[in-house]
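Trainee: need coordinates for the following:
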Amino acid sequence: MAPTSTTTTTTVNPMDATDLPPFPDDVPMHPLLVIDYALIKERNPEETERLWTAATKLGFWYLKNHGVDEDVRGMFDMGAETMALPMEEKMKYEIGNEGLSFGYKAAGTNVIDPNGTLDNAQVLNVAKDDALAWPAQARRSYPSTVNARMERTIKPFVERSLAVNNTLLDALNDKLGLPRGTLAQLHPREEYSASEARVLFSPPVVSRQVISAHTDFGSLSFLHNRLGGLQVLVPGAESWQYVKPIPGHAICNLGDAMAILSGGILRSNLHRVMNPPGLQSAHYRFSLVYFTRPGNSVVLRAFTDSSPLIADAVMRAPDPTKYETGMTAFEWFTMRVKNQRMANYKGPEKWLASRGTEHMHTQVAVGPSSVY
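Mentor: Have a look, this model is predicted:
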């Protein structure tokens, strides 16, 4: 479904990047553990234990001292430049309806609830494979604003994000009792994957969902926000709570792949994105994420043969079959992306297949009013 106009441009107020109102303190918030990346790199045992707590209890945490702030500023600038292009130019790079996500996604092309309500977010996804292969093209072409910054902005952001996420995964690998490097081997630089850098842009619309409740597709997400809007559904809770953006702190969370591979030990938690709260709601919202996902050929199944800890978790699970998907990472990702596109919408059941592991198991218990 294409936008109604082929000539519309997006005007981005520079104030939205540099002079934003504060996050309100009168909304429900959930405090996340703050993990010091510098200590994780040193394999500090106390900090590693804090990371383990965050990864197994909620699957979300703040990350400080990650060293990527300068690259983040450049990526936000690149996103603003791209979103300001004429719509007809951006639509040359639209991601399509076949289950891939690299390129540009126009507003109104994804479904955000079982009733077929359309989203209002524009998205630019740049494949890890294209950033690392530059100036060669690995997966697809991109707008001129992307190409102009691939070498000096996008590639450094991808490289540093990879280093951060791989370090975190190595720490979790050891805590899971897996042989050294097991998780790293599932995320090789050389193999094509769905790993990507994403800039998401949404206009100020009060009380509007930007992204509905879901768990993330892959392994580890590395998120940078300037405005609020991210909400988590804490296990056992019946209402959503905001995650407050903190300057200089990224927000990290685990995805489906880690939940499956670990037999449910690591948590891929439900979250959604609403329009920013309070005075922030009057501003355009940019967010930036690097998604680390397994190589396309990786079969998503629990490592029961490699870790007694994981084997025991699967044996005790109420539904062990959810940790033996029979699908590759490519098939899993394609299913989820395809089923959220409006062009493929065939009713609530198919749409639910785009929401992820925990959503399919909790949406009835939690209820439509709080989840959707």
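Trainee: shaky segments in this protein?
Mentor: 1-18, 206-208, 350, 356-372 (pLDDT under 70).
Trainee: give me the most central residue, it.
Mentor: residue 221 (4.9 Å; C-alpha atoms, centre = their mean).
Trainee: confirm that residue 300 sits in a strand.
Mentor: Yes: assigned with DSSP: H, G, I helix; E, B strand; the rest coil, residue 300 falls within a strand.
Trainee: any idea how far it is from residue 82?
Mentor: 32 Å (C-beta to C-beta, to the nearest Å). For the C-beta atoms, the positions are set from N, CA and C on the backbone; glycine is no exception.
Trainee: who's the residue nearest to the centre of the chain bridged to?
Mentor: Taking DSSP bridges as the rule, residue 221 bridges to residue 253, residue 291.
Trainee: ranges for the helices of the stretch 1-150 of the chain?
Mentor: Under the criterion DSSP state H, counting those that start in this stretch, the stretch 1-150 of the chain contains helices at 15-18, 37-41, 45-57, 69-83, 87-90, 128-133, 144-149.
Trainee: kindly report the same for the stretch 251-372 of the chain.
Mentor: 256-261, 308-316, 329-339, 348-352, 357-366, 368-371.
Trainee: what comes up buried for the third one?
Mentor: Residues of helix 329-339 classed as buried by neighbour count (16 or more other C-beta atoms under 10 Å): 329-330, 332-334, 336-339.
Trainee: residues in contact with the closest residue to residue 141 other than its chain neighbours?
Mentor: In space, and not counting its chain neighbours, residue 141 is closest to residue 93: 6.8 Å by C-beta to C-beta, 6 or more residues apart in numbering. Residues near residue 93 by C-beta atoms under 8 Å, 6 or more residues apart in numbering: 103-104, 140-143.
Trainee: ok, now residue 295?
Mentor: 186-188, 191-193, 329.
Trainee: which of the residues you listed ranks first by neighbour count?
Mentor: residue 329 (28 neighbours; other C-beta atoms under 10 Å).
Trainee: hang on, that residue packs against residue 298?
Mentor: Yes: with contact defined as C-beta atoms under 8 Å, residue 329 counts as touching residue 298 (4.6 Å).
Trainee: overlap in contacts of the two?
Mentor: residue 257.
Trainee: which of residue 300 and residue 82 has more residues huddled nearby?
Mentor: For residue 300 versus residue 82, neighbours defined as other C-beta under 10 Å are more numerous around residue 82 (25 against 22).
Trainee: if we can go back for a sec, just to check, the residue nearest to the centre of the chain is in contact with residue 293?
Mentor: No: between residue 221 and residue 293 there is no contact under C-beta under 8 Å: 9.6 Å.
Trainee: between these two, which contacts overlap?
Mentor: residue 255.
Trainee: now do the phi/psi pair for residue 306.
Mentor: The phi and psi values for residue 306, taken as degrees, to the nearest 10, are phi -110, psi -10.
Trainee: so what touches the longest helix anywhere in the chain?
Mentor: Counting residues, the longest helix in the chain under DSSP state H turns out to be helix 155-175. Residues from elsewhere that reach helix 155-175, judged by C-beta under 8 Å, 6+ apart: 37, 40-41, 43, 48, 51-52, 55, 63, 66-68, 71-72, 74-75, 126, 128, 131-132, 134, 180-184, 187, 189, 195, 197, 219-220, 222, 250, 252, 258, 266, 290, 292.
Trainee: next structured bit after it?
Mentor: As assigned by DSSP states H and E, the chain's next helix or strand after helix 155-175 is helix 182-185.
Trainee: now for that following helix, which elements pack on it?
Mentor: Judged by 3 or more C-beta pairs under 8 Å, 6 or more residues apart in numbering; DSSP states H and E, helix 182-185 is in contact with helix 155-175.
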